[in-house]
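# Predicted model and sequence follow; I will ask about them next.
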Amino acid sequence: MAEISIRKVAKHFGNFTALHSVDLTIADQEFLVLLGASGCGKTTLLRIVAGLETPSQGEVWIGGRRVDHLPPRDRGIAMVFQNYAVFPHLTVYENIAFGLRMKKLPQDEVDRRVRRTAELIHIEQLLKRYSGQLSGGQRQRVAVARALAMQPDVILMDEPLSNLDALLRLEMRAELKGVLAASKTTTVYVTHDQVEAMSLADRIAVMHQGRIVQAASPVEVYRNPAARFVGSFIGNPPMNFIPAKKAGDGRWSVAGMTLDGPRASRSEIEFAIRPEDVEVAPDGVPITVRVVEPLGAHTLITSDVEGHLFRAVLDSTTTVRTGDRLTLAPKPDRIRWFDPDTTAAL
Ligand SMILES: Nc1ncnc2c1ncn2[C@@H]1O[C@H](COP(=O)(O)OP(=O)(O)O)[C@@H](O)[C@H]1O
Ligand SMILES: [Mg+2]
């Protein structure tokens, strides 16, 4: 059992606050992805869990034990970083064996674990090679194998695939998912890549400026963003936002449409819709198509609604040209609303 519990963890660097009282519990064997833009505090939080950084406030618990005063080696964790950190002057075998030898495991156990992990990660044919001679993708595999060979309760990964080219990243992503699911470890995986996050995670914790703004399943964060930031950060293209004015009786006026919405004391809120959740329909909002991008499976159009950028994903069989005028209507059950001050979902 290795549940991770992060309790009111804050981190200050001088008078800069990198983390504001973060609370997050990661279930035993869960694959949790920390997702956010560069600089939002992902690495700092991961390093605090690892013990490479001390929190300014708060506690970290792993497997029912408070660990924030323990050195990294006593926390039952293994780490994989973006820059691999494999030793170039050691063979692949010795790289994978490194941590096991530090733990003074008997040679036959070391050998068994190195060979089994190498097989799992498909590098058994490379065991005698020096790591300095490997490609980036192969070195990354060695780093993952070295972490798995430790049979840790928890694996922490910080952007482990970001130095790989696009195709290799896709391949490794699929493999990692399979291998980690089979290994029964609890995984915390940091990335700024929303597609990677969506494809890997049991649950995504979306970070913004040192806070976790939502922690939920990939489908939930996509469909029901808890805050405006989540809707604008996740999804490519992101959600569309248009100001809405109160029309009375729980109804809201949005670009000439009158829509049912939340009861709110405010007179202005924000309407939001994903680009794929609008349709060409007779009683919608008239727009002029500014840009047409045929993407194969779909056609993406860009226009504006009352001066706000508006994108729609249309069926690729729809014939549409720059300058065309269309009327677009939102699918009613897909509309979301946000408070413009707090940015929280209404
Ligand atoms: N040792 C440090 N000293 C001062 N500021 C730091 C230090 N480490 C990180 N920061 C700052 O904390 C913020 C979060 O950094 P980091 O956790 O590395 O972000 P991320 O991994 O999400 O890109 C950044 O603004 C960064 O500049
Ligand atoms: Mg980072």
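Alright, I've got the coordinates. Ligands and ions are numbered 1, 2, ... in the order given.

# What is the least confident helix or strand in the chain?
helix 166-183 (a mean of 84; mean pLDDT, DSSP states H and E).

# What helices and strands are in contact with it?
For helix 166-183, the packing partners by 3 or more C-beta pairs under 8 Å, 6 or more residues apart in numbering; DSSP states H and E come out as strand 31-35, helix 136-149, helix 194-200. For every residue, glycine as well, the C-beta is placed using N, CA and C.

# Repeat the analysis, applying 10 Å as the threshold.
strand 31-35, helix 107-120, helix 136-149, strand 154-158, strand 186-191, helix 194-200 (3 or more C-beta pairs under 10 Å, 6 or more residues apart in numbering; DSSP states H and E).

# Report the buried residues of the last one.
Of the residues in helix 194-200, Gln194, Glu196, Ala197, Met198, Leu200 count as buried by neighbour count, 16 or more other C-beta atoms under 10 Å.

# I'd like the helices and strands packed on helix 166-183 as TSV, with distance to ligand 1 and mean pLDDT appended.
Below are those laid out as TSV (distance: least, C-beta to the nearest ligand atom, whole Å; pLDDT from 0 to 100):
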stretch	distance to ligand 1	mean pLDDT
strand 31-35	8	97
helix 107-120	27	94
helix 136-149	18	89
strand 154-158	7	95
strand 186-191	7	96
helix 194-200	13	93
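
# Distance check, Ala149 against Glu3.
In this structure, Ala149 and Glu3 are 23 Å apart, going by C-beta to C-beta, to the nearest Å.

# what about those two, which has more around it?
Ala149 (26 against 17; other C-beta atoms under 10 Å).

# on that earlier part again, residues making contact with the least confident helix or strand of the chain?
29, 31, 80, 117, 120-122, 135-138, 140-141, 144-145, 147-148, 151-152, 155, 157, 160-164, 185-187, 189, 191, 193, 195-196, 199-202 (C-beta atoms under 10 Å, 6 or more residues apart in numbering).

# one more time with 6 Å, if that's ok
Here helix 166-183 makes contact (C-beta atoms under 6 Å, 6 or more residues apart in numbering) with Leu120, Gly137, Leu161, Thr187, Leu200.

# quick one: low-confidence ranges for the chain?
Confidence mapping of the chain against pLDDT under 70 gives the ranges 84.

# Using the record's domain definitions, break it down for me.
Here the domain parsing of the chain from automatic domain parsing is 4-233, 240-338.

# Could you give the number of residues near Gln138?
Quick note: Gln138 (other C-beta under 10 Å) scores 19 neighbours.

# scratch that, Pro238 is what I was asking about
Pro238 has 18 nearby residues by other C-beta under 10 Å.

# hey, where'd the helices end up in this protein?
Using DSSP state H, the helices found in the chain span residues 42-50, 92-102, 107-120, 136-149, 166-183, 194-200, 218-223, 228-233.

# mind checking which of the ones you listed is nearest Arg73?
helix 92-102 (8.1 Å; C-beta to C-beta).

# May I see the buried residues of the closest one?
Using 16+ other C-beta under 10 Å as the test for burial, helix 92-102 gives Val92, Tyr93, Glu94, Asn95, Ile96, Ala97, Phe98, Gly99, Leu100.

# Could you find the closest non-adjacent residue to the third one?
Pointing back at Glu94 there. Leaving aside its chain neighbours, Glu94 sits nearest to Phe87 (7.6 Å; criterion: C-beta to C-beta, 6 or more residues apart in numbering).

# What's the local residue count around that neighbour?
With other C-beta under 10 Å as criterion, Phe87 counts 15.

# Near ligand 1, which residues of the chain are found?
Phe13, Phe16, Ala18, Gly36, Ser38, Gly39, Cys40, Gly41, Lys42, Thr43, Thr44 (C-beta under 6 Å from any ligand atom).

# at 8 Å what do you get?
11, 13-14, 16, 18-19, 36-47, 53, 158-159, 190, 192, 207, 210 (C-beta under 8 Å from any ligand atom).

# Please check these and keep the buried ones.
Looks like the residues of the chain next to ligand 1 have 11, 18-19, 36, 40-47, 53, 158-159, 190, 192, 207, 210 buried, using 16+ other C-beta under 10 Å.

# Okay, Trp61 and Leu70: tell me how far apart.
Counting by C-beta to C-beta, the gap from Trp61 to Leu70 is 11 Å.

# Gly51 now?
To Leu70, Gly51 is 6 Å away according to C-beta to C-beta.

# between the two, who's got more neighbours?
More neighbours surround Gly51 than the other of Gly51 and Leu70, with 20 against 14 (other C-beta under 10 Å).

# Am I right that the more buried one is in contact with Pro72?
Yes. Contact criterion C-beta atoms under 6 Å: Gly51 and Pro72 qualify, at 3.9 Å.

# Contacts only, for Leu127.
Val92, Tyr93, Ala118.

# follow-up on the earlier one: now, the most widely separated pair of the contacts of helix 166-183?
The widest separation within these (C-beta to C-beta) is 20.1 Å, between Gly137 and Thr187.

# Between these two, point out the one with more neighbours.
Comparing Gly137 with Thr187 by other C-beta under 10 Å, the one with more neighbours is Thr187, at 25 against 16.

# Identify the spatial nearest neighbour of Arg113, chain neighbours not counted.
Per C-beta to C-beta, 6+ apart, closest to Arg113 is Ala149, 4.8 Å.
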